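Engineer: Give me a model of this one.
(2 chains)
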Amino acid sequence: MTGILRDIYYNSVEFVRTFGAFQLFFLRILRHSPAILLGRFGLVVKQVFESGALSLVIIMISGLFVGGVLGLQGYSNLARFNAEDAVGVFAAFGLVKELGPVITALLFAGRAGTALASEIGLMKATDQLSAMEMMAVNPVPRVLVPRFLGGVIAMPLLAAIFSMVGLLGTHLVAVELLGVDVGAFWQQMQITVDIKDINEGIFKSLVFGVAASLIAVWEGYNSIPTAEGVGRATTRTVVITAIAVLVFDFMITAVML
Amino acid sequence: MQQTRSVEVGTGLFVLLGMGALFFLTTQTTGGDDFTAEETFTVEARFENIGSLRNRAPVAMSGVTIGRVTNIRFDPVTLEAVVNFVIDSQFDQIPDDSDASILTSGILGSQYIGLQAGGSDTYFEDGSEVLFTQSAIVLENLIGKFLVNAGSKDD
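Structural biologist: Model prediction:
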């Protein structure tokens, strides 16, 4: 009995410690960010390419199909109220405010987050990070910060692309396939959607970008330097990012609504 | 060298596409705000019932948006709704006996203020008040009246 209690106590303290270490890690990354952004921008550009440009295919294909599904579902449900024209509004709100940022963040965690975590984890396992320290190069600004910044820059752009392609997908399904009037589709959307809604989407994707990149970099940097440890870090990246993104999404929506 | 070049081109394309998407979202999905006037003047109107008129609703004359609702409040003394709206300063020749009514765009569309020109020689200016107003038509009241009429016919 005391054994269980001691385990619970130990694990809770360990959880709080990890959480605190994570915050300190975030501050460390932030502290080095301005210098890297100004001085070594080339490193950041490379990471924007790695985590942004290379994620384009999955983001655009997913966006097209998610938008198409919204078109089908929105049409069949709204048709019951003879309000098929509102399918554009329905899809625009859904994509811009929720699905765009959230699904992009989940795909980003799967496509770019895992790549970051395993890359950094493998660097650690093969002693590349230690080698850098031996050469008096701090691996935090040289390796971690550009990857973090690359993700933060890429996420809002990816989410915007997702929403745009999604709307085109809805247009294809609703207007071209199901025969909703093209004028009503876009005009109702333009009347209803406010610039505030777009900003909410951008803000969300920015927060998710920070969360996803930070978790990936943290998991990679703190992975156990073995083959198994790197594998576990990759898995944890996806799991923790997914939970963090969905919890943050709820909180941001609750505050902003 | 070739490697970095293709990375840079790819990144540039990606960022341009992302910016393009943001531009698309801000211009193509919103854009309902077609009223952008630099100088405006404020006019006040009192209504018995404003229905579901909201802030930022358009003010239209002959169907063209010339202004926007800026403030809606309730007057506790006269028990009326007081609506302030701004009109683009270039329309400074609207007769001040024009009447304002709350109309609905489409059957279930949003509500807006429609101005109907009067015949006065003096014009609306900053701080003017609309003298003749017509409240919003509330569907429930209309149905209620219809039912009462239908009922009284049966007698």
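Engineer: going forward, measure contacts between C-alpha atoms and count neighbours the same way
Structural biologist: Will do.
Engineer: Let me know whether the helix or strand containing A:Y9 sits next to chain B.
Structural biologist: With elements taken from DSSP states H and E, the one containing A:Y9 is helix A:2-39. No: taking CA under 8 Å from any CA of the partner chain as the criterion, helix A:2-39 and chain B are apart, separated by no less than 15.8 Å.
Engineer: right, is the helix or strand following that helix up against chain B?
Structural biologist: The helix or strand immediately downstream of helix A:2-39 is helix A:41-51, counting by DSSP H and E. Yes: Helix A:41-51 is in contact with chain B by CA under 8 Å from any CA, via A:45-46, A:48-49.
Engineer: for the helix holding A:Y9, which positions count as buried?
Structural biologist: A:22, A:25-26, A:29, A:32-33, A:36-37 (16 or more other CA atoms under 10 Å in any protein chain shown).
Engineer: what's residue 86 in contact with, if anything?
Structural biologist: Went with chain A since none was named. By CA atoms under 8 Å, 6 or more residues apart in numbering or on different chains, the contact list for A:A86 reads A:78, A:184-185, A:188-189.
Engineer: Please refer instead to chain B.
Structural biologist: B:40-43, B:67-70.
Engineer: now it, which residues is it bridged with?
Structural biologist: Per DSSP bridges, the residues bridged to B:V86 are B:T42, B:R68.
Engineer: middle-most residue in the chain, spatially?
Structural biologist: With no chain named, the answer covers chain A. Ranked by distance to the mean C-alpha position of chain A (CA atoms, centre = their mean), the top residue is A:A105 at 2.4 Å.
Engineer: Please refer instead to chain B.
Structural biologist: Note: chain B centre (CA atoms, centre = their mean) maps to B:P58, 1.6 Å.
Engineer: Tell me how many other residues crowd the closest residue to that one other than its chain neighbours.
Structural biologist: Spatial nearest neighbour of B:P58, excluding adjacent residues (CA to CA, 6 or more residues apart in numbering or on different chains): B:R68 at 4.5 Å. Neighbours of B:R68 under the rule other CA atoms under 10 Å in any protein chain shown: 24.
Engineer: so how many other residues sit close to B:E39?
Structural biologist: Counted with other CA under 10 Å, B:E39 comes out at 10.
Engineer: and it, what does it touch?
Structural biologist: Residues in contact with B:E39 (CA under 8 Å, 6+ apart) are B:88-89.
Engineer: where's it relative to A:L149, distance?
Structural biologist: From B:E39 across to A:L149, the span is 42 Å (CA to CA, to the nearest Å).
Engineer: So what does B:V64 have for phi and psi?
Structural biologist: Note on B:V64: backbone dihedrals following degrees, to the nearest 10 are phi -100, psi 130.
Engineer: per-residue pLDDT, it?
Structural biologist: Note for B:V64: predicted pLDDT of 85.
Engineer: Likewise for the one 5 residues further on?
Structural biologist: At B:V69, the model reports a pLDDT of 87.
Engineer: same deal with A:S51?
Structural biologist: A:S51 is given a pLDDT of 89.
Engineer: Report the separation between it and A:M189.
Structural biologist: 32 Å.
Engineer: near chain B, which residues of chain A?
Structural biologist: Counting by CA under 8 Å from any CA, chain A sits next to chain B at A:45-46, A:48-49, A:52-53, A:56, A:92, A:154, A:157-158, A:160-161, A:163-164, A:186-187, A:189-195, A:198.
Engineer: sorry, back to before: and the buried residues of helix A:2-39, which is closest to chain B?
Structural biologist: A:L37 (15.8 Å; CA to the nearest CA).
Engineer: Mind jotting down where the helices sit in the chain?
Structural biologist: In the absence of a named chain, this looks at chain A. Along chain A, the stretches classed as helices by DSSP state H are A:2-39, A:41-51, A:56-78, A:87-93, A:100-108, A:114-125, A:128-134, A:139, A:145-171, A:182-192, A:195-221, A:227-256.
Engineer: if you could check chain B rather than the one you did, that'd help
Structural biologist: B:2-24, B:139-154.
Engineer: Alpha carbons of the helix or strand of chain B with the lowest mean pLDDT, as CSV, please.
Structural biologist: None of the helices or strands of chain B scores lower by mean pLDDT, DSSP states H and E than helix B:139-154, at a mean of 79. Taking Å, rounded to 0.1, in the frame of the first residue of the first chain, the C-alpha atoms of helix B:139-154 are listed here in CSV:
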residue,chain,number,x,y,z
LEU,B,139,-42.5,37.5,-38.2
GLU,B,140,-44.2,36.3,-35.0
ASN,B,141,-46.2,39.5,-34.7
LEU,B,142,-47.2,39.2,-38.4
ILE,B,143,-48.3,35.6,-37.9
GLY,B,144,-50.2,36.6,-34.7
LYS,B,145,-52.1,39.3,-36.6
PHE,B,146,-52.9,37.0,-39.4
LEU,B,147,-54.2,34.4,-37.0
VAL,B,148,-56.4,37.0,-35.2
ASN,B,149,-57.8,38.1,-38.5
ALA,B,150,-58.4,34.6,-39.7
GLY,B,151,-60.2,33.8,-36.4
SER,B,152,-62.4,36.9,-36.6
LYS,B,153,-63.6,36.1,-40.1
ASP,B,154,-64.9,32.8,-38.9
